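Trainee: Got a predicted structure here, sequence first:
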Amino acid sequence: MKAEGETGGAPEASRRHSERGIQFESVLVANRGEIARRIIRTVRRMGLRAIAVYSEADAGLPYVGEADEAVPIGPAPAAGSYLDVGGVLGAARRTGAAAIHPGYGFLAESAEFAARVIDAGMTWVGPPPSAIEQMGDKINARNLMEQAGVPVAAGSKEPVADVGAAVAEAARIGYPVMIKAAAGGGGIGMSAAANEAELRAGFETARTRAERFFGSSDILLERCIERARHVEVQILGLNDSRVLALGERDCSVQRRHQKVAEETPSPGVTPELRARMLAAAIRAGEAVGYRGAGTVECLVDTQAQDFVFLEMNTRLQVEHPITEMVTGIDLVEQQLLIAAGGETSFDPTGVTNNGHAVELRVYAEDPRRFLPSPGVITEWSEPSGPGVRVDAGYAAGNEVTPYYDPLLAKLCAHGSCRDEALQRARDAVAAFRISGPKTNLPFHAELLESAEFASGRYDTSVIARLRP
Amino acid sequence: MTEVRAEMVANVWQVVASEGDEVADGDTLVILESMKMEIPVLAEAPGTLTKLAVAEGDVVQEGDLIAVIE
């Protein structure tokens, strides 16, 4: 794997962390696939012991072999393994883990899990449980942000009780509206309604999915901004209470409200708008006493050059590598240093973003309809070259199972300007060889060649236009 | 007779239709789940659902029979 965004060799890093007084010497990574592997890489580079956990389906994945120690935690379905709080804590106790890094997804945004890690005397590599809780309820988060002076879209101030209340609420907000799970996030179980009939049809489905995916059927409605860009700000909360904003990422390339490609800086954000968004993201972090890495997601109305708060992800973000590539900062290292009560490895007043970076999410799915395509990987050959970084969760011989999300790898390219980054990405896509499951690599080639994406003037409907 | 088969490895999340139902082309018979995604399995022809070969919680492989419409 390439690691352009990361700086410093092991001896220097070890000396640095000991000087800064890291209180723990081992980290259990409560995750799987590419993100477990990426975290383990930094943990080991810092001279700490990396402990992996794996389900029965994942025993052969690269991250298991690359950890210093790996323990099985249960069957393939995540409910009995990666989502099993007692099982993960038990694995941490048995291995003598001093800290737990949750990655993203699974238990990363469980305030209860974070609190239990802390109660068990271990270091939680994440924000305070109170910040997770405040941001985890999307209705509460919206209300809190509004109080903090962060703009929010017109929407619910409390859970929408039933379909009748939803119709009344939508009339107040104005169509089109988004129907969202209050406890949700990441676009799962979210749908748009252009009128009352669609709202009536979508409301119960949204409730069922919210209950199933997030354990709460609370629903909120929010005014839908059409032809918007999805732009988010990376923040880092320091132990002296300062909150840094490390630039934005444009995540407008989405299918079914799920991100497919991201880039930084956003080609649709002017310097003036960027300054306002970064300042708002800092206020958002300060409002909840944020510590560590977090992401403030916004929707940008490019015509009006204005934005609204969408949600805050209180954990490491999937697409964090592109921020690492333009800043030269290893975000996982900062998470660990901050969790240990220390300072960052870089000067917080001297961050500069250099060049342009793009991330392409390589999914096990057919490139036409984007339907899942599990299977055994018979060939896996990663591209390399200047500015290319691949964070991969799989290798040849591994089986992609239906139990988890379809992310196989993140292909990232950095260049001195957008054109150079995109050209490197095109070359890297062409050189990436994966056989077995179908992948969306042909879609990425098409996206990079499309006039709309190449122009930079695209929005969240770009895939819908490429796949009419 | 039309056989409806699974397009991929998946878990059967919901069985929507019942044996004996009259179905129209495009009606949802079963909802599969794979990779955190719900995939509806649709009737590929109108007719009577004479056989439903899966139950909720089953794991299906690519090509497995899901239903027969006559």
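Mentor: On my side now, so go ahead. Numbers count the residues shown, from 1 in each chain, chains lettered A, B, ... in the order given.

Trainee: continuing past the longest strand along chain A, what's the next helix or strand?
Mentor: Scanning chain A for the longest strand, with DSSP state E as the assignment, gives strand A:243-255. Once the chain leaves strand A:243-255, the next helix or strand it forms, by DSSP states H and E, is strand A:258-264.

Trainee: what helices or strands is that next one leaning on?
Mentor: Judged by 3 or more CB pairs under 8 Å, 6 or more residues apart in numbering or on different chains; DSSP states H and E, the packing partners of strand A:258-264 are strand A:243-255, helix A:320-327, strand A:356-363, helix A:441-449. Heads up, the C-betas are built off the backbone N, CA and C, glycines and all.

Trainee: for residue A:86, phi and psi?
Mentor: phi -60, psi -40 (degrees, to the nearest 10).

Trainee: sorry, that was for residue A:295
Mentor: In this entry, residue A:295 is assigned phi and psi values of phi -130, psi 130 (degrees, to the nearest 10).

Trainee: Would you mind splitting chain A into its domains for me?
Mentor: Chain A breaks down by automatic domain parsing into domains covering A:10-125, A:154-223, A:228-466.

Trainee: and the nearest residue to residue A:91 once chain neighbours are set aside, helix, strand or coil?
Mentor: Residue nearest to residue A:91 in three dimensions, not counting chain neighbours: residue A:71, with 4.8 Å by CB to CB, 6 or more residues apart in numbering or on different chains. Taking DSSP: H, G, I helix; E, B strand; the rest coil as the rule, one finds residue A:71 in the strand state.

Trainee: where's residue A:71 relative to residue A:260, distance?
Mentor: 33 Å (CB to CB, to the nearest Å).

Trainee: With neighbour numbers in mind, choose between these two.
Mentor: residue A:260 (23 against 19; other CB atoms under 10 Å in any protein chain shown).

Trainee: Return the residues in contact with that one.
Mentor: A:253-254, A:360-361, A:363, A:440, A:443, A:447, A:463 (CB atoms under 8 Å, 6 or more residues apart in numbering or on different chains).

Trainee: Then residue A:237?
Mentor: By CB under 8 Å, 6+ apart, residue A:237 lies in contact with A:127, A:243-244, A:285, A:289-292, A:294, A:338.

Trainee: Considering only those, which also neighbour chain B?
Mentor: Intersecting the contacts of residue A:237 with the surroundings of chain B, defined as CB under 8 Å from any CB of the partner chain, gives nothing.

Trainee: where does chain B come near chain A, residue by residue?
Mentor: With CB under 8 Å from any CB as the criterion, chain B comes near chain A at residues B:7-11, B:33-37, B:39.

Trainee: Okay, and residue B:49 sits in which element?
Mentor: Counting by DSSP H and E, residue B:49 is part of strand B:47-52.

Trainee: Touching the next helix or strand after that strand from outside, list them.
Mentor: The first helix or strand that comes after strand B:47-52 along the chain, using DSSP H and E, is strand B:59-60. Outside of strand B:59-60, the residues that reach it under the criterion CB under 8 Å, 6+ apart are B:6, B:9-12, B:32, B:54, B:66.

Trainee: Most neighbours among these, which one?
Mentor: Each of the contacts of strand B:59-60 was scored for neighbours by other CB under 10 Å, and residue B:10 scores highest at 28 neighbours.

Trainee: dump the residue contacts of it.
Mentor: For residue B:10, the set of contacting residues under the criterion of CB under 8 Å, 6+ apart consists of A:372, A:402, B:32-34, B:39, B:59-60.

Trainee: hmm, 10 Å instead?
Mentor: The neighbours of residue B:10, taking CB atoms under 10 Å, 6 or more residues apart in numbering or on different chains as the test, are A:372, A:374, A:402, B:30-35, B:37-39, B:41, B:54, B:58-62, B:64, B:66.

Trainee: re earlier: which of the contacts of residue A:260 lies closest to chain B?
Mentor: Ranked by distance to chain B (CB to the nearest CB), those are led by residue A:363 at 8.4 Å.

Trainee: Nearest spatial neighbour of the closest one, chain-adjacent residues omitted?
Mentor: residue A:406 (4.2 Å).

Trainee: What is the neighbour count of that neighbour?
Mentor: Residue A:406 is surrounded by 24 other residues when neighbours are defined as other CB under 10 Å.

Trainee: The stretch 251-400 of chain A against chain B: which residues are in contact?
Mentor: With the criterion set to CB under 10 Å from any CB of the partner chain, the stretch 251-400 of chain A comes near chain B through A:256, A:258, A:363-366, A:369-375, A:399-400.

Trainee: Now, of those, which are buried?
Mentor: Using 16 or more other CB atoms under 10 Å in any protein chain shown as the burial test, those include A:258, A:363-366, A:370, A:372-375, A:399-400 as buried.

Trainee: For stretch A:79-86, list the C-alpha coordinates in PDB.
Mentor: The C-alpha trace of stretch A:79-86 is given here as PDB (Å, rounded to 0.1, in the frame of the first residue of the first chain):
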ATOM      1  CA  ALA A  79     -24.600  -8.200  15.100                       C
ATOM      2  CA  GLY A  80     -22.700 -11.200  16.600                       C
ATOM      3  CA  SER A  81     -19.200  -9.900  16.000                       C
ATOM      4  CA  TYR A  82     -18.200  -6.300  15.100                       C
ATOM      5  CA  LEU A  83     -21.400  -4.900  16.700                       C
ATOM      6  CA  ASP A  84     -21.200  -7.000  19.800                       C
ATOM      7  CA  VAL A  85     -20.100  -4.600  22.600                       C
ATOM      8  CA  GLY A  86     -19.500  -7.300  25.100                       C
END
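
Trainee: buried set for it?
Mentor: The neighbour-count check on stretch A:79-86 (16+ other CB under 10 Å) flags A:81-84 as buried.

Trainee: Just the buried subset of the contacts of residue A:260, written out for ChimeraX, thanks.
Mentor: What follows is the ChimeraX syntax for the buried subset of the contacts of residue A:260, where burial is set by 16+ other CB under 10 Å:
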select /A:253,254,360,361,363,440,443,447,463
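
Trainee: Residues contacting the strand holding residue B:49, please?
Mentor: Judged by CB under 10 Å, 6+ apart, the contacts made with strand B:47-52 from elsewhere in the structure are B:1-4, B:15-25, B:27, B:29-30, B:43, B:65-70.

Trainee: No further queries at this time; thank you.
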